[in-house]
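Colleague: this one's structure only:
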Ligand SMILES: [Zn+2]
């Protein structure tokens, strides 16, 4: 999966030392909560789009809310996502434009 972050897959932090396999790829995370958030994000995008895999993910924002662009093949989805402190999805919305 192509990503814009080189640090933690969710928040881009470079501290921490958690590795988790998501979508068949070993990714770096700063903490277990970010792993939970990332798994939920990927699952939610797949559920919303019907995609079987994600090729790319671009994230901007912070813990109050993140704007993301996910892509699979030629399709892409822009969306807003926010999580609870436990890593559950608090809000999710498709963005247009
Ligand atoms: Zn993180």
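Modeller: Structure's in. What do you need? Treat the numbers as computed from the prediction; the structure is a model and nothing was measured.
Colleague: hey, let's count contacts and neighbours off CA atoms from now on
Modeller: Fine.
Colleague: run through the chain and note the low-pLDDT ranges.
Modeller: The chain contains residues with pLDDT under 70 at 97.
Colleague: the ion contacts on that one?
Modeller: Residues of the chain lying close to the ion by Cα under 5 Å from the ion are 8, 11, 30, 34.
Colleague: redo that, cut-off 8 Å
Modeller: Listed as neighbours of the ion in the chain under the rule Cα under 8 Å from the ion: 7-13, 29-31, 33-35.
Colleague: can you give me the helices for this structure?
Modeller: 32-49 (DSSP state H).
Colleague: just the strands from it, written as ranges.
Modeller: 2-3, 18-22, 25-29, 56-62, 65-72, 75-83, 89-95 (DSSP state E).
Colleague: list the buried residues of the third one.
Modeller: What that stands for is strand 25-29. For strand 25-29, the neighbour count (16 or more other Cα atoms under 10 Å) marks 27, 28, 29 as buried.
Colleague: repeat for the last one
Modeller: For strand 89-95, the neighbour count (16+ other Cα under 10 Å) marks 89, 92 as buried.
Colleague: just checking, what packs against it?
Modeller: Secondary-structure packing of strand 89-95 (3 or more Cα pairs under 8 Å, 6 or more residues apart in numbering; DSSP states H and E): helix 32-49, strand 75-83.
Colleague: now what about the shortest one, what contacts it?
Modeller: Contacting residues not belonging to strand 75-83 are listed as 37, 41, 63-71, 89-96 [Cα atoms under 8 Å, 6 or more residues apart in numbering].
Colleague: check stretch 30-38 too.
Modeller: Residues outside stretch 30-38 that contact it (Cα under 8 Å, 6+ apart): 8-11, 13-18, 20, 29, 83, 85-89.
Colleague: and the residues you listed, which are buried?
Modeller: Here, 16+ other Cα under 10 Å leaves 8, 9, 10, 11, 29, 83, 87, 89 buried among the contacts of stretch 30-38.
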